[in-house]
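# no sequence on this one, just coordinates:
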């Protein structure tokens, strides 16, 4: 992996090969392992991993640029990038040194693909509600439970599982194997190639050194800091989706005529385009600011990342809705690029914390700030 | 056809047979002719046609109730109902008596299916922009031009074509035949069974008695009054879509828990549900009011129908977005009923006049009213 | 009082005298008692009281029309009408026969003015939170507590007080007097003439027959049904404010030019006007529907009235905002009629249940309905 | 003037003296000349003027911070800062060297106050529509026309007048005097101390060296670049208003209880606060980005400044509306700080280009960009 990863990555993503594959993946309902390896070879999976571990250690601001491009072309591949970055982050910050040194290079180079196994049926991502257990028996961890909607769960080699150890939140990296049963979730529009899986751990074991963080830190530290990174990545993806939708809308408005006038000369069309563009660009500013804060581990990073996801997914919602209105019947056809963007915008809104959860995070910070001022 | 048509129609639509067929149609990309005939047998195609012409002459307020149910289950079939009602309306009000008496019973009983052939490439529905010509040659009309996105155009027996006769807007009913070439439009999400067609008239002929309205009345009278009825029907359909989405969202919120609390006990969820419900119900009031005005041929009917479509499609947009957020990953799967509703909401927004055109109609009426007041 | 009250009332309200007075009242910060009596003489205070009690028993749908006109001209006087209707309603439905028969005619003819004394400092209108006590001592009620923001509290002759009797919610009508201390609240923009008061009851007494409802019914029955009526009245007022603002905006757009074109010919202006008009008219439909349900004591009346207030106050917010944008600098001057409407819209939003409370009422009903369906 | 101006300015603005004066000014309907001089002495009027001309040449990003503080405390004084910065900018970039060197130091130190005289009755700021004439007669300019709504027009010493010279747009700086008639505009809520004036030039003269830019550049260059700066300043002020309103709302939610729970623990309140905060902070990012572009004379500066004003004034609208809802009756009283912020938000929306004009500027840039891409 060269230090110049993002440049190489950008070249790959702008290549016609990539766009064609993205469409083919979605139709086939899978990203073949060889395509993942090819992209990994161009550095796509190691951007957030340091050079000491065979990644390229790209600044997060640049990583978000890559996520923008990927999300607009392939929401499915984007979901792999997101969960992969989250798992790498957890190992880097919370795993035992030996686990980290052994696995990060494998993840950075794509030889091992890992899934993020937090969500359970009906439980959202609530800490107290986790039913999965991670029991410790001497030097062995034993994992029992069922996880839902895991991106790339069907081809993952390992799973970052969250559960409870003697009543405390905990986390461990578990390899696939005979005690891990993988089933397909129903196909999700726009994420067919994400190979979403329901994964059942039936007493699957792992060495104790695969514990990630100590019991009690699983949710409040490990999952929370992973989610902050995940929200940043999804926010970046949503900006990419918003821009791509806006490009379609502006291109259409610039060239089509209706009622003898160019569509873009109708003032209501201009209002629609301007509002979508401003929502998108102000969200993009916010995402960059969040990337810097997450990079610097600023105390405000979690709140800013939550805010960035909220603003960016709203922008993607507005921009795709504007494009849908402007493109009319043409934009509703199944193979139109807009269809993929509309679906991606809906998916972005519900993953890694829906709007209501994010509003709560932002408001809690405002109220804490107000209390601190009052106490001074 | 019995006078009790709507009751019989409701029974049919609430029957399991109907829901199953709607799903099957969409998968197959077509509503088989025999299913159309069965539904016609239950009175579905003759509701807006008087009993003198073998319809059931149901009041429009009741017709809109039927459109609500149909649109929520099958946007494709709904599109047939909409265009069929428009063609029947045009014949009833503007055709020569012999054409009317001959064809209305055929349309009311579904023996003849007709498409509404107004839209052309790049032209929206602009009068001045129509390129199709309807030339008169003695007792024969000769039609040349290309029409786009015709609902059920692939199985229609006849076409209500709008064009220009010696520079004036005109309209005629043309049968299918060798001079009428029918091609499929690309499949449209949620409207696959609507069999959208691009139809080319290559000098297709019709007897002069098939002219509908005199030259010069084609757009300002015939098309405009058809569009008013069409907008009312789409508005009713959008209310149906909004209610169905709201039912999904409320049902989910009433039964699922997150963070140890019922989803519906989270105040932001309650806010989302309340707003979507109020948008839907206030639009429903407006649609009923528009139905009465259209029935009574009130001078305000066209404006109220435009407003009803705007309000109802916005409500459908809010309600499907709310459901999408609340249902999370589950609601994004391809076979979930929500997928069909989301697509229907997008389609409703762009057909029979997009939001910007409707705003213009409403504002024009406000400004005329203000001028009249000023003159008094 | 003749049966033709609303006609007479409309004549009075459309009279130049009324508009002039409304402006003068606001400047003076009070509606003089003689003006109240003159309006009462025209039937304004007895509309919701039956003819048996010297009111005119006007249907609520007509009452809401009157509220529309009053609110647009004088939010202050409108607040008197609202609280007065609420007190009359409480006496009619919940008071002892003798109290009702004695007082309703006095209220209907304006000889007695009554205030609605529910709100306390910091407590909103929460039942459990009421600090006021209504103790019963033989045949005497003794009231101690402080009530805030009472409309027309400074000139009221009697107060419908809500408090607690032996731990249960209760309600009583208490006359003014030496044990009732009345102070002005700070002047409220747009409601200066509403003579808002902070009223302290320092052991004020009333005969036991002045109890309204039995202990335990004070909040869940008496206050709740009064609030339903109050919300309907405020919703009607908000529709009036929205229409008046829209009239200003449309009138301006129809006559002014900018950039060589009539303001109303700019498409974004048309969009603004159309959206405000549709919000207003669909809210008006909803208010009429709520009026009918409240009149009929339909089980859904409370929910529909809450929804009506939410929709109507939002419409007033949109319409005044649209007018403010269109009228530019001119509309910001202090004496412009728009200033009064903008303030009224803000006030309507916060009284008788703010948006969040109303959303909760509507959502609770949706969830109950869903549960009932599930149980069947 | 020291280089450390902004620090000194901040100290002044945070001083109790300033807040007290701001309230007193508004009540009195004027900012006394001595207070203007005191503030000028602290560097408030010279921030955008270079040190060579006795200003402090503060970077625009810092200037916008000052505008934020001023606008939240005194919209009237803020309007002086805005127009003063615009006039300084016009002289710096477009005036003859002698005019610039003579007048900029006078303006920077507040010895001369200047008004920006563009708007005319009914004409908005349209170039072609200007009725004012600036005739050249040898070495003398002669100005005839009427200008409206000039901030601080009643105490200005000079006027930057836009008009037409031999049919071309032109601009000149004209001193007050006997041929300049100054009348008060009707008092504007929240801007009473801005001393808005209608100013009639009745053949007022100025030396030819007071021409600012050559004929033909008046609107497309001088006014346009002034408006860009003005929009940036108003955007900064709107961010200040939004933050101040948000502080009120958060402080209220953090300390008040309703229904036995802290207001800020109600989820819908949290949603309201979060949305207002995110709108405000993302607008603040955008304003900073616009400030850098205006400073660098980037080709995109005019569009970004227009977008910044749109986003910031919308944020101020949301934040003041949220505060108004949360503070309830208390926030509606006339002397509450919220009243000033609500009015400022409305004023910001209509000055220096209303929303519709800004949307048009942004959309035009999008469409030009799309065309350029298509041509490549």
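Thanks, I have the structure now. Computed from a predicted model, the values in this text were never measured in an experiment.
# dump the residue contacts of the nearest residue to residue A:89 once chain neighbours are set aside.
Of all residues not flanking residue A:89 in the chain, residue A:229 sits nearest, at 5.1 Å (C-beta to C-beta, 6 or more residues apart in numbering or on different chains). C-betas here are computed from N, CA, C, even on glycine. Contacts for residue A:229 were tallied using C-beta atoms under 8 Å, 6 or more residues apart in numbering or on different chains; they are A:48, A:85, A:86, A:89, A:294, A:305.
# By neighbour count, which of those residues wins?
Most neighbours among these, by other C-beta atoms under 10 Å in any protein chain shown: residue A:305, with 30 neighbours.
# follow-up on the earlier one: so which of the contacts of residue A:229 sit within strands?
The members of those all map outside strands under DSSP state E.
# before we move on, the earlier item: do you know how far the residue nearest to residue A:89 is from chain B?
The spacing between residue A:229 and chain B, counted by C-beta to the nearest C-beta, to the nearest Å, is 20 Å.
# again, but for residue A:290
For residue A:290 relative to chain B (C-beta to the nearest C-beta), the value is 22 Å.
# Please report the distance of residue A:281 from residue D:228.
Taking C-beta to C-beta, to the nearest Å as the measure, residue A:281 falls 17 Å from residue D:228.
# for stretch A:86-97, which positions count as buried?
A:86, A:87, A:88, A:89, A:90, A:91, A:92, A:94, A:95, A:96 (16 or more other C-beta atoms under 10 Å in any protein chain shown).
# Residues in contact with that stretch: which ones?
So stretch A:86-97 is contacted by A:48-50, A:53, A:55, A:99-100, A:103-104, A:107-108, A:114-116, A:158, A:160, A:171, A:173, A:209-213, A:217, A:221-222, A:225-227, A:229-230, A:233 (C-beta under 8 Å, 6+ apart).
# And the helices in the stretch 251-376 of chain A?
Along the stretch 251-376 of chain A, counting by DSSP state H, counting those that start in this stretch, helices occupy A:267-295, A:301-331, A:337-350, A:355-375.
# that older thread, and residue A:281 and residue D:228? which has more neighbours close in?
More neighbours surround residue D:228 than the other of residue A:281 and residue D:228, with 26 against 23 (other C-beta under 10 Å).
# ok, residue A:292 - how many residues close by?
15.
# follow-up on the earlier one: what about burial for the contacts of stretch A:86-97, which qualify?
Among these, those buried by neighbour count (16+ other C-beta under 10 Å) are A:48-49, A:53, A:55, A:99-100, A:103-104, A:107-108, A:114-116, A:158, A:160, A:171, A:173, A:210-213, A:217, A:221-222, A:225-227, A:229-230, A:233.
# ok, the nearest residue to residue A:264 once chain neighbours are set aside - contacts?
Sequence neighbours aside, residue A:253 is the residue nearest to residue A:264 in space, at 3.6 Å (criterion: C-beta to C-beta, 6+ apart). In this structure, residue A:253 makes contact with A:262, A:263, A:264, A:269, A:273, A:326, D:367, D:370, judged by C-beta under 8 Å, 6+ apart.
# How about residue A:55?
A:1, A:46, A:47, A:48, A:49, A:88, A:104, A:108.
# Just give me the closest of those residues to residue A:78.
residue A:47 (13.1 Å; C-beta to C-beta).
# in terms of contact, does that closest one touch residue A:64 like I think?
No. Using C-beta atoms under 8 Å, residue A:47 is not in contact with residue A:64, being 10.1 Å away.
# Residue C:371 versus the closest residue to chain D within the stretch 101-250 of chain A, what's the distance?
Closest approach between the stretch 101-250 of chain A and chain D, counting by C-beta to the nearest C-beta: residue A:250, at 4.5 Å. According to C-beta to C-beta, residue A:250 stands 47 Å off from residue C:371.
# what about the two, which has more around it?
A count of neighbours by other C-beta under 10 Å puts residue A:250 above the other of residue A:250 and residue C:371, at 26 against 15.
# one step back: what would the helices of the stretch 251-376 of chain A look like in CSV with distance to residue A:6 and mean pLDDT?
Output for the helices of the stretch 251-376 of chain A, formatted as CSV (distance: least, C-beta to C-beta, whole Å; pLDDT from 0 to 100):
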stretch, distance to residue A:6, mean pLDDT
helix A:267-295, 13, 96
helix A:301-331, 20, 95
helix A:337-350, 22, 90
helix A:355-375, 28, 89
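# most neighbours per residue, which of those?
For the helices of the stretch 251-376 of chain A, the largest average neighbour count (mean count of other C-beta atoms under 10 Å in any protein chain shown) is found in helix A:301-331, namely a mean of 26.
# Show me where chain A has its strands.
Under DSSP E, chain A gives strands at A:114-117, A:133-137, A:140-150, A:158-165, A:168-175, A:180-184, A:197-207, A:257-258, A:261-262.
# hey, which of those is tucked in deepest?
strand A:114-117 (a mean of 28).
# Residues contacting that strand from elsewhere in the structure, which ones?
With C-beta under 8 Å, 6+ apart, strand A:114-117 has contacts from A:83-84, A:86-87, A:107, A:147, A:150-153, A:156-162, A:173, A:197, A:199, A:226, A:230.
# One more pass at 6 Å, please.
The contact list for strand A:114-117, computed with C-beta atoms under 6 Å, 6 or more residues apart in numbering or on different chains, reads A:83, A:86, A:87, A:147, A:150, A:152, A:153, A:156, A:158, A:159, A:160, A:161.
# any idea how far residue A:131 is from the nearest residue to the fourth one once chain neighbours are set aside?
With sequence-adjacent residues excluded and distances taken as C-beta to C-beta, 6+ apart, residue A:147 is closest to residue A:117, at 4.1 Å. In this structure, residue A:117 lies at 13 Å from residue A:131, with C-beta to C-beta as the measure.
# Residue A:179 now?
17 Å.
# When those two are compared, which one has more neighbours?
Relative neighbour count places residue A:179 above the other of residue A:179 and residue A:131, with 16 against 13, counting by other C-beta under 10 Å.
# that older thread, run through the residues that contact the residue of the stretch 101-250 of chain A closest to chain D.
Applying C-beta under 6 Å, 6+ apart, the residues contacting residue A:250 are A:273, D:366, D:370.
# So which residue is dead centre in chain A?
Geometric centre of chain A, nearest residue: residue A:82, 3.2 Å, by C-alpha atoms, centre = their mean.
# Leaving aside the residues adjacent along the chain, what's closest to that residue?
residue A:233 is the one closest to residue A:82 (C-beta to C-beta, 6+ apart), at 4.4 Å.
# pLDDT at that neighbour, what is it?
At residue A:233, the model reports a pLDDT of 97.
# Next: residue A:263.
Looking at residue A:263, the pLDDT reads 90.
# Give me the distance between it and chain B.
Relative to chain B, and taking C-beta to the nearest C-beta, residue A:263 is found at 9 Å.
# Confirm for me that that residue is in contact with residue A:256.
Yes. Counting by C-beta atoms under 6 Å, residue A:256 is a contact partner of residue A:263 at 4.7 Å.
# Among the two, which residue is more densely surrounded?
Set side by side, residue A:263 and residue A:256 show more neighbours around residue A:263, with 24 against 17, by other C-beta under 10 Å.
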